[in-house]
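[1] here is a sequence with its predicted model. Questions after.
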Amino acid sequence: MLTSICSVSVAQADNWPQWRGPQGNGICAESDIPIRWSRTENVHWRLPLPGPAGATPVVWNDRIFLTSVDANDLLLICVTTDGKELWRQTVGVGNKDVRRDEGNSASPSPVTDGEHVWATMASGAMACFDLDGNEQWRTDLQERYGPFEIQFGMTSTPVLYEDRLFLQFIHGDYQGETKEASVIALDKQTGAEIWRQERITDASGENEHSYASPVLYDDGKLKFLITHGSDYVMGHHLSDGAEIWRCGGLNPRDDPRKQYHPTMRFVASPAAAPGIIVVPSAKNGPVLAISPKFEGDITHNQEARLWTLPRGTPDVPSPLIHDGLVYLCREQGNLMCHDAWKGTELYLERTRRNRHRASPIYADGHIYLSSRDGIVSVVKTGREFELVTQNDIGEPLTASPAISNGTLYLRSYEALWAIRNQ
């Protein structure tokens, strides 16, 4: 049924423990979330930060965790929900700014389970702390799994599920030798490897590089990990990482009408809801909607393909699925809305004409779209477009927002903002 595509609980989601929220889908179940603010209106507090980052803050009860650079140091910072810094720890050193001011080595978001917090940096530095900042373990992922040969840094954020942290390492050649991509599960308590699976495709060139993050599919019956990169989206068993299915067609090699695109690296991650996985590509390429119930290579399986948009993918923001609708935010702020089952376009409208790097989130009947210049557009959900308002904090903004306990958190390049209805 159409109404089944809404994978949130009716219970209030007080915590925002990972990049895309409680269910990993960008959806908040709370109400009374602010839709209007400015640099002064509805600002609960603003905390200056030591340096920029595009990582989403994560929240558990009265504590907020976020990554940042401070000159050459790569930090995990803990802030209380009243805006006071509680502690900071150096996870690694050796920051690298990429694409001018588009990103840096603090780009991956942290993740927490309410007892510990894990931070991963694009340099491969990874560490686990308890909520008071005491180090539990640390590791260097490049030392363990080989150098990251990826143009703009390994920005993928791990997924936490039960006792495991899932990571995808999808990158290209290193000094002329092919580096096999891999999917890895680590024990969250110790950092020990539980399993590692190679992820082999026929991608070439820059297409071997993926900046996307893995995603969990969980409809109560089926549960598996989704990885995205090197021309394919794949499903993996949680127990051992073995491949369940793969789907190409995102950068076709076997279509005589289309030329293989040599630089279609994936940045946007897929989105999942019961019965559907929406898969973006890059550079105005296709968007696929596929069924989660098939196995093997489903690239040409028409039963597994719910619908296809030949063009118009978001390049960086990940899709959002809510109440039978799929929302796709293009990189210059155009918002597309499609019927989730049929793929029918319901509207394509402009919001803010500026770079959009953050993924959209949903709360209380509204979608929040963050643009690079610090303006957040608030759009009413539904089959017809309604731009409710646009709010300006006047600071560069690429991190996806977070919501917890009635507060909207915005991590700009300069500060952490707490926005509440006053």
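    Thanks, I have the structure now. Numbering: from 1, shown residues only.
[2] so, low pLDDT: which residues of the stretch 151-300 of the chain?
    With pLDDT under 70 as the threshold, the stretch 151-300 of the chain has low-confidence stretches at 173-179.
[3] how near is the closest residue in space to Tyr409 that isn't next to it in sequence to Trp417?
    The shortest distance from Tyr409 to any non-neighbouring residue, by Cβ to Cβ, 6 or more residues apart in numbering, is to Ala402 (4.4 Å). All C-beta atoms are positioned from the backbone trio N, CA, C, and that covers glycine. The gap separating Ala402 from Trp417 is 11 Å, by Cβ to Cβ, to the nearest Å.
[4] overlap in contacts of the two?
    Tyr409, Arg411 (Cβ atoms under 8 Å, 6 or more residues apart in numbering).
[5] now do the helices in the stretch 51-200 of the chain.
    For the stretch 51-200 of the chain, the helices defined by DSSP state H, counting those that start in this stretch cover 141-145.
[6] what segments of it are strands?
    For the stretch 51-200 of the chain, applying DSSP state E, counting those that start in this stretch gives strands covering 58-60, 63-70, 73-80, 85-93, 111-112, 116-120, 125-130, 135-140, 159-161, 164-169, 181-187, 193-199.
[7] mean confidence (pLDDT) on the first one, please.
    This means strand 58-60. Averaging pLDDT along strand 58-60 yields 98.
[8] with the third one instead?
    For strand 73-80, the per-residue pLDDT values average out at 98.
[9] in it, what's buried?
    Asp73, Leu74, Leu75, Leu76, Ile77, Cys78, Val79 (16 or more other Cβ atoms under 10 Å).
[10] for the first one, which non-adjacent residue is spatially closest?
    Here the nearest residue to Asp73 in space, its sequence neighbours aside, is Thr90; by Cβ to Cβ, 6+ apart that works out to 5.1 Å.
[11] and the one you found, bridged to which residues?
    On the basis of DSSP bridges, Thr90 is bridged to Leu75.
[12] for it, what are its contacts?
    Thr90 sits next to Asp73, Leu74, Leu75 when contact means Cβ under 8 Å, 6+ apart.
[13] Asp202 too?
    Shown in contact with Asp202 (Cβ under 8 Å, 6+ apart): Asp231, Arg253.
[14] closest to Met234 among the contacts of Thr90?
    Within those, proximity to Met234 (Cβ to Cβ) peaks at Leu74, which comes in at 29.6 Å.
[15] Gln89 is in contact with that closest one, correct?
    No - the pair formed by Leu74 and Gln89 falls short of the contact definition of Cβ atoms under 8 Å, at 9.9 Å.
[16] how close does the residue nearest to Ser370 when sequence neighbours are not counted sit to Ser400?
    Leaving aside its chain neighbours, Ser370 sits nearest to Ala358 (3.9 Å; criterion: Cβ to Cβ, 6+ apart). Here the distance between Ala358 and Ser400 works out to 4 Å (Cβ to Cβ).
[17] what is in contact with those two at once?
    Contacts common to Ala358 and Ser400, judged by Cβ under 8 Å, 6+ apart, are Ser370.
[18] can you read off the pLDDT for Ser370?
    Among the per-residue scores, Ser370 shows a pLDDT of 98.
[19] which residues does it bridge with?
    Residues in a beta bridge with Ser370, per DSSP bridges, are Val376.
[20] list the contacts for it?
    For Ser370, the residues meeting the contact criterion (Cβ under 8 Å, 6+ apart) are His356, Arg357, Ala358, Val376, Leu397, Thr398, Ala399, Ser400, Pro401, Leu410.
[21] using TSV, lay out the residues you listed together with pLDDT and secondary structure.
    Formatted as TSV, the entries for the contacts of Ser370 read as follows, by pLDDT from 0 to 100; DSSP: H, G, I helix; E, B strand; the rest coil:
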residue	pLDDT	secondary structure
His356	96	coil
Arg357	95	coil
Ala358	97	coil
Val376	98	strand
Leu397	96	coil
Thr398	96	coil
Ala399	97	coil
Ser400	98	coil
Pro401	98	coil
Leu410	98	strand
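[22] Thr313 and Val287, how far apart?
    Computed as Cβ to Cβ, the Thr313 to Val287 distance reads 5 Å.
[23] what is in contact with those two at once?
    Counting by Cβ under 8 Å, 6+ apart, the residues touching both Thr313 and Val287 are Pro280, Ser281, Leu328.
[24] measure Leu369 to Gln390 for me?
    For Leu369, the distance to Gln390 - Cβ to Cβ - is 9 Å.
[25] now do Tyr232
    To Gln390, Tyr232 is 37 Å away according to Cβ to Cβ.
[26] more neighbours, the two?
    When Tyr232 and Gln390 are compared for neighbours, Tyr232 comes out ahead with 28 against 15, by other Cβ atoms under 10 Å.
[27] show me the contacts for the more buried one.
    For Tyr232, the residues meeting the contact criterion (Cβ under 8 Å, 6+ apart) are Thr201, Ala203, Arg246, Cys247, Gly248, Leu250.
[28] next: Ile277.
    Going by Cβ under 8 Å, 6+ apart, Ile277 touches Tyr217, Ile226, Val233, Pro270, Ala271, Ala289, Ile290, Ser291, Pro292.
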